[in-house]
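J.: What follows is a predicted structure for the sequence shown.
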Amino acid sequence: MQNVQKAKLILEDGTVFEGKSFGYEKSIAGEVVFYTAMTGYPESLTDPSYTGQILVSTYPMIGNYGVPNDVEEDGIFRYFESDKIHVSALIISDYSFEYSHWNAMKSLGDWLKENEVPGLFDIDTRALTKILREKGSMLGKIVFEGNEIDFYDPNEENLVSRVSVDDIQTYGNGDHKVVLVDCGVKNNIIRCLLRRNTTVIRVPWDYDFNTIECDGIFLSNGPGDPAMVQETVENVGKALDDVKPIMGICLGNQLLGRAAGGDTYKLKYGHRSHNQPVLMTGTDKCYITSQNHGYAIDDKTLPEDWEPLFVNVNDQTNEGIRHKTKPFFSTQFHPEASSGPVDTEFLFDDFITNIKKYKKQ
Ligand SMILES: NC(=O)CC[C@H](N)C(=O)O
């Protein structure tokens, strides 16, 4: 093994874990959260929804298939969910210094260093995850010797403004014109839309998209507390007066819920995994879904004309909502997956079906 530097992970409850560095060597603070997916670290690390978070992998061996190449397709990276790593740091148990995959271009450690993101291995991630499950997600910091820093709570900031685009960008040339409100969108949402004969107009999070002529509105995933994203909620509120189809994912679901008049709240430790079971309300259909969220809609606060669309079978939290008469729906989970199971990708087809219906009116 190469000569590695040691660093400490310090939790706000005072717990200290000592680990070894395999990424960039700088101290960093954020919210410590765990995810239980066994694969998909290139996708997870580049998911903008992880902004401000120190990510703990419960799967013990990470890095063994390296990091894919950076080819582009339709103006976005083919194998990443955005242009850079968004997690604040990565905490794992066993780091594979050796890697092998037909598509691997570099090691996970080198990629973290390039992106100036710290990574620690040799941490007892099982003990750490037990603490986070029992006490809830908490603030934490990685401290390298001689580089003390304070704790920092990312959820007190508007993180969406940091990860959204600055200017409007257009993708594809399909028949259905979809405005994509970019709150920190994952590339696979764009890919899923483009596969369905769309032109995607990606707008900044606070852009009043109601001024754009389009056939449908898509509200993306994104980081942080949905209560910090008031401008988007106001713009979505205006769109609810009309009947133009709307679909939202994750943060987009929470913003749709808030625009409808409902409330959101923070979950104890959130859902971050590939195997979250959700039941479609009014049916006996259960889907296994990919998830990454720390907040949820309190569906008891939804007004009369809205109803739950999915519920989580593990903890009964809300997993999606729909309007009772208008073509508006959203999910707390990720139908675009990437990474994770693709069983609910049909929801994109439902959105396009709504668009076609609306266009005929
Ligand atoms: N993936 C997401 O869009 C996450 C939404 C929100 N930031 C949450 O943690 O609940």
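T.: All right, it came through fine.
J.: pLDDT weak spots in the stretch 1-150 of the chain?
T.: Along the stretch 1-150 of the chain, segments meeting pLDDT under 70 span 1-2.
J.: what about the residue in it positioned nearest to the ligand, which SS state?
T.: The ligand sits closest to Ser49 of the stretch 1-150 of the chain, with a gap of 3.3 Å, by Cβ to the nearest ligand atom. Placement of C-beta: from N, CA and C, glycine included. Following DSSP: H, G, I helix; E, B strand; the rest coil, Ser49 is assigned to helix.
J.: How about Leu9?
T.: Using three-state DSSP, the structure places Leu9 in strand.
J.: Tell me the confidence at the residue lying closest to Cys250 once chain neighbours are set aside?
T.: Ranked by Cβ to Cβ, 6 or more residues apart in numbering and with sequence neighbours excluded, the top spatial neighbour of Cys250 is Asn221, at 3.9 Å. Looking at Asn221, its pLDDT reads 98.
J.: Double-check that Asn221 belongs to a helix.
T.: No: per three-state DSSP, Asn221 lies outside any helix segment and is coil.
J.: one step back: contact partners for the residue of the stretch 1-150 of the chain closest to the ligand?
T.: Each residue near Ser49 by Cβ atoms under 8 Å, 6 or more residues apart in numbering is listed here: 86, 184, 186, 221-223, 250-251, 292-293.
J.: Grab the longest strand from the protein for me.
T.: Criterion DSSP state E: the longest strand present in the chain is strand 263-280.
J.: Which residue ranges make up the domains of the protein?
T.: 6-156, 160-359 (the TED database).
J.: so how far does the shortest one reach from one end to the other?
T.: Using Cα to Cα, to the nearest Å, the end-to-end distance of domain 6-156 comes out at 30 Å.
J.: Quick one: the helices in the stretch 1-150 of the chain, in order.
T.: Here the stretch 1-150 of the chain has its helices, by DSSP state H, counting those that start in this stretch, at 41-45, 108-114, 125-135.
J.: contacting residues around the second one?
T.: Meaning helix 108-114. Counting by Cβ under 8 Å, 6+ apart, residues outside helix 108-114 touching it are 22-24, 41, 62-63, 66-67, 85, 90, 95-97, 99, 106, 118-119.
J.: Repeat the analysis, applying 10 Å as the threshold.
T.: For helix 108-114, the external contacting residues (Cβ atoms under 10 Å, 6 or more residues apart in numbering) are 2, 4, 21-25, 41-42, 45-46, 62-68, 84-85, 87, 89-90, 92, 95-97, 99, 105-107, 117-119, 121.
J.: one step back: among the contacts of Ser49, which lie within strands?
T.: Residues of the contacts of Ser49 located in strands (DSSP E): 292-293.
J.: want to throw the contacts of Ser49 into JSON lines with distance to the ligand?
T.: Shown next, in JSON lines, are the contacts of Ser49 (distance: Cβ to the nearest ligand atom, whole Å):
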{"residue": "His86", "distance to the ligand": "11"}
{"residue": "Gly184", "distance to the ligand": "7"}
{"residue": "Lys186", "distance to the ligand": "8"}
{"residue": "Asn221", "distance to the ligand": "3"}
{"residue": "Gly222", "distance to the ligand": "5"}
{"residue": "Pro223", "distance to the ligand": "5"}
{"residue": "Cys250", "distance to the ligand": "3"}
{"residue": "Leu251", "distance to the ligand": "4"}
{"residue": "Asn292", "distance to the ligand": "4"}
{"residue": "His293", "distance to the ligand": "3"}
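J.: Residue numbers of the stretch 101-250 of the chain in contact with the ligand?
T.: Residues of the stretch 101-250 of the chain lying near the ligand by Cβ under 6 Å from any ligand atom: 221-224, 250.
J.: Burial check on Val243, number of neighbours?
T.: 16 (other Cβ atoms under 10 Å).
J.: Quick check: nearest residue in space to it, chain neighbours excluded?
T.: Counting by Cβ to Cβ, 6+ apart, the residue nearest Val243 is Lys326, at 5.3 Å.
J.: Could you report the neighbour count for the residue nearest to Thr331 when sequence neighbours are not counted?
T.: Among residues not flanking Thr331 along the chain, Gly320 sits closest, at 4.0 Å (Cβ to Cβ, 6+ apart). Neighbourhood size, Gly320 [other Cβ under 10 Å]: 28.
J.: Tell me which stretches of the stretch 251-361 of the chain form helices.
T.: Under DSSP H, counting those that start in this stretch, the stretch 251-361 of the chain gives helices at 251-260, 346-360.
J.: The shortest one vs strand 263-280, what angle?
T.: With axes from the mean of the first three to the mean of the last three Cα atoms, to 10 degrees defining the directions, helix 251-260 sits at 120 degrees from strand 263-280.
J.: quick one: helix 251-260 to chain centroid distance?
T.: Taking Cα atoms, centre = their mean, to the nearest Å, one finds helix 251-260 lying 15 Å from the centre of the chain it belongs to.
J.: CA atoms of that helix as CSV?
T.: Extracted in CSV, the C-alpha atoms of helix 251-260 (Å, rounded to 0.1, in the frame of the first residue of the first chain):
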residue,chain,number,x,y,z
LEU,A,251,-36.6,18.2,-4.8
GLY,A,252,-39.0,18.9,-7.7
ASN,A,253,-41.6,16.8,-5.9
GLN,A,254,-41.0,18.7,-2.7
LEU,A,255,-41.3,22.1,-4.6
LEU,A,256,-44.5,21.0,-6.3
GLY,A,257,-45.9,20.0,-2.9
ARG,A,258,-45.0,23.3,-1.4
ALA,A,259,-46.4,25.2,-4.4
ALA,A,260,-49.6,23.3,-3.9
